[in-house]
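Participant: Okay, sequence plus prediction incoming.
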Number of protein chains: 2
Amino acid sequence: MNIGEAASASGVSAKMIRYYEETGLIPPVGRTASGYRTYGPRDVQLLRFIRRARDLGFPMDRVAELLALWRDRDRASADVKRLAAAQVAALETRIREMEEMKATLQHLVHACAGDNRPDCPILADLGGVKA
Amino acid sequence: MNIGEAASASGVSAKMIRYYEETGLIPPVGRTASGYRTYGPRDVQLLRFIRRARDLGFPMDRVAELLALWRDRDRASADVKRLAAAQVAALETRIREMEEMKATLQHLVHACAGDNRPDCPILADLGGVKA
DNA sequence: TATGGGGCTTCCCATGATGGGAAGGTCAAG
DNA sequence: CTTGACCTTCCCATCATGGGAAGCCCCATA
């Protein structure tokens, strides 16, 4: 299977597959005599693993750790669980931050008449007026 | 006031102040005879405006739009309100996405024993097993 | 007045994950 | 054998931010 097929089968773009290989996240695959990369089902599974982990918000370095655990048949599931729980916590933190932003903005939006007049508590707030 | 003072007074790093000037987000400020940038209270207020908008999650291009409205004394508050409401919606979308990730992960974390054994539904899921 | 330290200037580089695109080789179908 | 789709590598751009070097400037203190 060529890289294009592997890309559509895994949901990872050909560009990114090469990038992952270049940065060592995934091992180099075999090549044909003319230099084409060749992929098997196992490689596609690996790429899908990465894709799924990215979709769950894991940063690249955490993905690398997850991959290492995936490959280690003697891993302790506790290690995996710890990584996943940390990611849950990270998501919670970012969600909380964004909820705060949203609440502040909603408050301002609510206070703004939204008509043709220039008076605007949103701009007043941004401008530092302690309304 | 030099750039360092303006930076600590506004919460925007000197690096970023120069960057904002270079990219045209803010107008060039005056210089001393020896080339030092000089800032006044009005400039600091402008920088704080940007900082605050960034803190509320507005991307740079939206900040530029907000700044344009801020400077336009004939703006309609409706325009400002629309930008703010769009930002609320953008935050909501991202929050929803992250909530989804979090829910999926929590489910997996919950299903994982987290002991010394290697069996792990988290890795199984990432690996594509339709558990 | 000389000196030293800290602040300022510009310029270049790096990030991280991704895409765009060019130049050139390869493969398969017609 | 041609054509078009695919592959290769290489370079560039993103976006907001920081790091750091080389060199100039300013002020306080000895």
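Facilitator: Ah, there it is. Numbers count the residues shown, from 1 in each chain, chains lettered A, B, ... in the order given.
Participant: And whichever strand or helix holds residue A:89, what's buried?
Facilitator: Using DSSP states H and E, the element containing residue A:89 is helix A:77-111. Neighbour-count burial for helix A:77-111 flags A:77, A:79-81, A:83-85, A:87-88, A:90-91, A:95, A:98, A:101-102, A:104-105, A:108-109 (criterion: 16 or more other Cβ atoms under 10 Å in any protein chain shown). No exception for glycine: its C-beta is placed from N, CA and C like everyone else's.
Participant: can you check stretch A:32-51 too?
Facilitator: A:37, A:39, A:43, A:44, A:45, A:46, A:47, A:48, A:49, A:50, A:51.
Participant: same thing with stretch A:121-131?
Facilitator: Buried residues in stretch A:121-131, counting neighbours by 16+ other Cβ under 10 Å, are found at A:121, A:122, A:123, A:124, A:125, A:126.
Participant: Need those residues in JSON lines (columns: pLDDT and secondary structure).
Facilitator: As requested, these are exported to JSON lines (pLDDT from 0 to 100; DSSP: H, G, I helix; E, B strand; the rest coil):
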{"residue": "A:121", "pLDDT": "92", "secondary structure": "helix"}
{"residue": "A:122", "pLDDT": "91", "secondary structure": "helix"}
{"residue": "A:123", "pLDDT": "91", "secondary structure": "helix"}
{"residue": "A:124", "pLDDT": "92", "secondary structure": "helix"}
{"residue": "A:125", "pLDDT": "92", "secondary structure": "helix"}
{"residue": "A:126", "pLDDT": "91", "secondary structure": "helix"}
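Participant: export these to CSV and tack on distance to chain B?
Facilitator: CSV is the format used below for these (distance: Cβ to the nearest Cβ, whole Å):
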residue, distance to chain B
A:121, 8
A:122, 5
A:123, 5
A:124, 10
A:125, 7
A:126, 5
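Participant: Specify which member of the residues you listed is nearest to DNA strand C.
Facilitator: Nearest to DNA strand C among the buried residues of stretch A:121-131 is residue A:126, at 24.9 Å by Cβ to the nearest atom of the strand.
Participant: residues contacting that closest one?
Facilitator: B:49, B:52, B:53, B:66, B:70 (Cβ atoms under 8 Å, 6 or more residues apart in numbering or on different chains).
Participant: if we go to 6 Å?
Facilitator: Going by Cβ atoms under 6 Å, 6 or more residues apart in numbering or on different chains, residue A:126 touches B:49, B:52, B:53.
Participant: Same list, the residues you listed, but as a markdown table with secondary structure, pLDDT and distance to DNA strand C please.
Facilitator: Listed next are the contacts of residue A:126 as a markdown table, based on DSSP: H, G, I helix; E, B strand; the rest coil; pLDDT from 0 to 100; distance: Cβ to the nearest atom of the strand, whole Å:
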| residue | secondary structure | pLDDT | distance to DNA strand C |
| --- | --- | --- | --- |
| B:49 | helix | 95 | 20 |
| B:52 | helix | 94 | 22 |
| B:53 | helix | 94 | 20 |
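Participant: of the residues you listed, closest to residue A:28?
Facilitator: For the contacts of residue A:126, the minimum distance to residue A:28 (Cβ to Cβ) is 45.3 Å, reached by residue B:53.
Participant: Isn't that closest one up against residue B:63?
Facilitator: Yes: with contact defined as Cβ atoms under 6 Å, residue B:53 reaches residue B:63; the gap is 4.6 Å.
Participant: do you know how far residue A:24 is from DNA strand D?
Facilitator: 14 Å (Cβ to the nearest atom of the strand, to the nearest Å).
Participant: Report how many residues lie close to residue A:12.
Facilitator: Neighbourhood size, residue A:12 [other Cβ atoms under 10 Å in any protein chain shown]: 22.
Participant: Same question for it, what's its three-state structure.
Facilitator: At residue A:12, secondary structure determined by DSSP: H, G, I helix; E, B strand; the rest coil is coil.
Participant: Now do the same contact list for it.
Facilitator: A:47, A:51 are the contacts of residue A:12 under Cβ under 6 Å, 6+ apart.
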